[in-house]
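Peer 1: I need the structure of the sequence given here:
(chains A and B)
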Number of protein chains: 2
Amino acid sequence: MSTGHHEASWRREESDPAANTDVAHFVRLAQTAERGLLDSVFFADSPALIGEVGRRPAGALEPTVLLTAMGAATSHIGLIATASTSYNDPFNLARRFSTLDHVSGGRAGWNIVTTATLEAARNFGLEELPAHADRYRRAREFVEVATKLWDSWEDDAILADKAAGRWGDTCRVHPIDHVGQHFRVAGPLNLPRSPQGRPVLVQAGSSEDGRDFAAQHAEAIFTAQQTLEDAQDFYADIKARAVTFGRDPGRLLVLPGIVPAIGSTEAEARALEEELDELILPEYARRQLARTLRVAPERLALDEQLPDELPDEDQIEGAKSRYTLIVTLARRERLTVRELIGRLGGGRGHRTFSGTPEQVADAIEHWFTSGAADGFNVMPPALPSGLDAFVDHVVPILRSRGLFRTEYTGSTLRDHYGLDRPVSQYAPSSPIHVKETA
Amino acid sequence: MSTGHHEASWRREESDPAANTDVAHFVRLAQTAERGLLDSVFFADSPALIGEVGRRPAGALEPTVLLTAMGAATSHIGLIATASTSYNDPFNLARRFSTLDHVSGGRAGWNIVTTATLEAARNFGLEELPAHADRYRRAREFVEVATKLWDSWEDDAILADKAAGRWGDTCRVHPIDHVGQHFRVAGPLNLPRSPQGRPVLVQAGSSEDGRDFAAQHAEAIFTAQQTLEDAQDFYADIKARAVTFGRDPGRLLVLPGIVPAIGSTEAEARALEEELDELILPEYARRQLARTLRVAPERLALDEQLPDELPDEDQIEGAKSRYTLIVTLARRERLTVRELIGRLGGGRGHRTFSGTPEQVADAIEHWFTSGAADGFNVMPPALPSGLDAFVDHVVPILRSRGLFRTEYTGSTLRDHYGLDRPVSQYAPSSPIHVKETA
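Peer 2: Down below sits the predicted model:
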């Protein structure tokens, strides 16, 4: 969220309640992240107005356009936009991400989501949310089509022979002629291949379908993990699945979210956390929790634990993994509804944490060295101050411990993540191409 | 086109053959246009690779993303992107243009096209180009839905009451609940209303359907007119149609295209024009002409006039007005195919013109004062030099004659065009709203 990942952050004095439509606010965040030599900035997104307008800043600038503006004011930071496979066409989406990659000099990433809300479905001609499995089937074919389009121009397709009047080599620009269950797309893309070849593919689903999808297609995974043990299990599971798909597990980065409330002393950090939690209005939050859990709000008494009877994950067609995460957290820690609301309002299921810069660096190092994470998705509870604190006080500690870069060694997001640039599947040197002729 | 509107411009020495994917090239053009205090920059577009890659630079950056990057490097110039109503969803398109309007501080315009090529249809699951009338029916409903979405947040919907914890006023954010022949969209948009309320609506069709559509919905019209008489007829026709739709004809600007080859002497200007025409390879151009006219290339002998028998406009489901314009031009001036190719390669049906800055200014003034134009879409045959020449040498003459602004008097595209900011149709003060309660 524009003013921070804590839902009540917009009520703090530092916060601009109109920040969600203020490009200058986001440009400053991108510049701060780049000053810290972070890998990328990232926006979650849904093509619908979710939740109550009364409660907190609602509505968001479309991420590919917003990230373009942020990219114009920076030179290295990666730019990861969320976009839905359920409510886009592959041609338009592939072209827009290719364009973002071109104009940013190779910094584009696509967070692939299937979009699990009824509100979005109803903005695109549907009356019901499509079934979970159907959304993932469409997503798989969507990524296949988009990848063909990104590959449809070989890297050396442009001859630029002014004397002979030959601009491009027709033989190196390929129709894709895709015919599948969901899409028929002739291609080629109307854009030469982009600096990274393809944008970096990111994913965040944690359901069974989501994990398989990520293991097969993603190059980075955002995930919400509350405990070290859960995070280690998830990490091991994803890497093992990647191997079963014939992939190098080192080319698939696991990036848990962390919501750090940073203070120069422990007391200061705790005070920030408490200030934020006290700004939550529980009635709004209870309604949203009830909605996520598919129960009537009256069944959630603020000072009692969750009711014993709740729907099974199997019955949920929406965000399965988020549902399970919330229920598991509440049961494991025997939280009252009020306590649960505080935890979710602060981190929306991600790991919340308050402490000094040293303590935050310790927490990061511990997960990183314990097989729980290849990196982190840092989600400051309050912005811009929380990002400043992280960049100015936590990053230097990580750097002094040899855990973080001292300069950018490349200029693309693939460079920052240590990922190879993919060869076009239509190029003579492509492994796929070689297989075909062997 | 990136290197100029003459199809062979990329072969000139000044031209960068990779300019079509080079954001820095486009940023410089936008800065030059802003230096000249022009109203806007504009990109035509189609979601398909059209024509032969061998012939000239092919493929184009997606316009909303590209214009965002150009907007980040400028402060006043308007940003008009073409987008298709046949191959987009209203929700995604409305949101993207609203975002462009937000991040540019109110400089967005949408050139509404229905997209008349089979290549585009085949990138979106279709085997055939939808019929002309069907495309326009969809376009009308599309614009209706998009307008409802742009209006769905009233201008004063945001309360930002930190103390009470009330961010927005639910009563001023409206579901649109649109149910029509082509679209079902619940809304509201997931974005507060943008600086201009709605982007400026631009249109370019000149067929009967296209003229009616423009007269009803457009605030500016790009048009290709070869002679003063034709331009006057078109101008009068459009303004009269606007009146029949109950509109103020002064709120609908007619902007013919002009392709000026500018030289410091007449001889220099003619030499530029000849240099460009000599760089055309007639074989490529003949194939494209044959395709547009729906005849076999062999039927077009280079040194003869067009065959007598050609399809009627009624049989054309593609770009009707372009077809008619080409045939009319060739017949009226008894052009050989080779001469026709030269004229089309230079201006693609727009008015081509070579001369000194004084002569170009005379031509512009003549049309402007003769009821043929409210302004012009300047399409230099070669870029960037042609835009520099126009801004540095033609604009000062127009200014000295009192025909052009000496400074920007506003910051939005509506300001530059002299168009009012529309009131939301959901606002109590809306004329539509008042009618409902009367």
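
Peer 1: Need the phi and psi values for the nearest residue to A:Asp89 once chain neighbours are set aside.
Peer 2: Distances taken as Cβ to Cβ, 6 or more residues apart in numbering or on different chains place B:Phe124 nearest to A:Asp89, at 6.0 Å, with adjacent residues excluded. For every residue, glycine as well, the C-beta is placed using N, CA and C. B:Phe124 adopts backbone torsions of phi -130, psi 40, taken as degrees, to the nearest 10.

Peer 1: which ones are touching B:Phe124?
Peer 2: A:89, A:91, A:185, B:47, B:86-87 (Cβ atoms under 8 Å, 6 or more residues apart in numbering or on different chains).

Peer 1: before we move on, what about A:Val259?
Peer 2: Applying Cβ under 8 Å, 6+ apart, the residues contacting A:Val259 are A:5-6, A:346-347, A:350-353, A:379-381.

Peer 1: rerun that using 10 Å as the cut-off
Peer 2: Residues near A:Val259 by Cβ atoms under 10 Å, 6 or more residues apart in numbering or on different chains: A:4-6, A:224, A:273, A:343, A:346-354, A:377-381, A:386.

Peer 1: Find the residue closest to it in space, skipping its chain neighbours.
Peer 2: A:Gly347 (3.9 Å).

Peer 1: Pull the number of nearby residues for the one you found.
Peer 2: 23 (other Cβ atoms under 10 Å in any protein chain shown).

Peer 1: and it, how far is that from A:Arg399?
Peer 2: 25 Å (Cβ to Cβ, to the nearest Å).

Peer 1: Low-confidence ranges, chain A, go.
Peer 2: A:318, A:431-438 (pLDDT under 70).

Peer 1: just the strands in it please.
Peer 2: A:40-43, A:78-84, A:108-113, A:158-161, A:166-168, A:178-179, A:184-185, A:200-203, A:220-223, A:253-262, A:351-355, A:377-378 (DSSP state E).

Peer 1: Send me the second one as PDB with only the CA atoms.
Peer 2: What follows is strand A:78-84 as a C-alpha-only set of coordinates in PDB (Å, rounded to 0.1, in the frame of the first residue of the first chain):
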ATOM      1  CA  GLY A  78      14.100  -3.800 -11.000                       C
ATOM      2  CA  LEU A  79      10.400  -3.100 -11.800                       C
ATOM      3  CA  ILE A  80       8.000  -5.900 -11.000                       C
ATOM      4  CA  ALA A  81       4.300  -5.500 -11.900                       C
ATOM      5  CA  THR A  82       1.500  -7.800 -11.000                       C
ATOM      6  CA  ALA A  83      -0.900  -8.700 -13.900                       C
ATOM      7  CA  SER A  84      -3.700 -11.200 -14.100                       C
END
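
Peer 1: And chain B, is that strand touching that?
Peer 2: Yes: Strand A:78-84 lies within reach of chain B by Cβ under 10 Å from any Cβ of the partner chain, at A:83-84.

Peer 1: can you state the direction angle for that strand and strand A:108-113?
Peer 2: 30 degrees (axes from the mean of the first three to the mean of the last three Cα atoms, to 10 degrees).

Peer 1: And strand A:78-84, what's buried?
Peer 2: A:78-84 (16 or more other Cβ atoms under 10 Å in any protein chain shown).

Peer 1: can I get those residues in a markdown table with distance to B:Val41?
Peer 2: Output for these, formatted as a markdown table (distance: Cβ to Cβ, whole Å):
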| residue | distance to B:Val41 |
| --- | --- |
| A:Gly78 | 28 |
| A:Leu79 | 23 |
| A:Ile80 | 28 |
| A:Ala81 | 24 |
| A:Thr82 | 29 |
| A:Ala83 | 26 |
| A:Ser84 | 30 |
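
Peer 1: in the stretch 51-200 of chain A, which spans are helices?
Peer 2: A:63-72, A:90-103, A:118-121, A:132-151 (DSSP state H, counting those that start in this stretch).

Peer 1: Kindly reformat these as JSON lines containing mean neighbour count and distance to B:Ser104.
Peer 2: Putting the helices of the stretch 51-200 of chain A into JSON lines (neighbours: other Cβ atoms under 10 Å in any protein chain shown; distance: least, Cβ to Cβ, whole Å) gives the following:
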{"stretch": "helix A:63-72", "mean neighbour count": "27", "distance to B:Ser104": "9"}
{"stretch": "helix A:90-103", "mean neighbour count": "27", "distance to B:Ser104": "15"}
{"stretch": "helix A:118-121", "mean neighbour count": "19", "distance to B:Ser104": "26"}
{"stretch": "helix A:132-151", "mean neighbour count": "21", "distance to B:Ser104": "28"}
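
Peer 1: export the ones you listed to TSV and tack on distance to chain B?
Peer 2: TSV is the format used below for these (distance: least, Cβ to the nearest Cβ, whole Å):
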stretch	distance to chain B
helix A:63-72	4
helix A:90-103	4
helix A:118-121	7
helix A:132-151	9
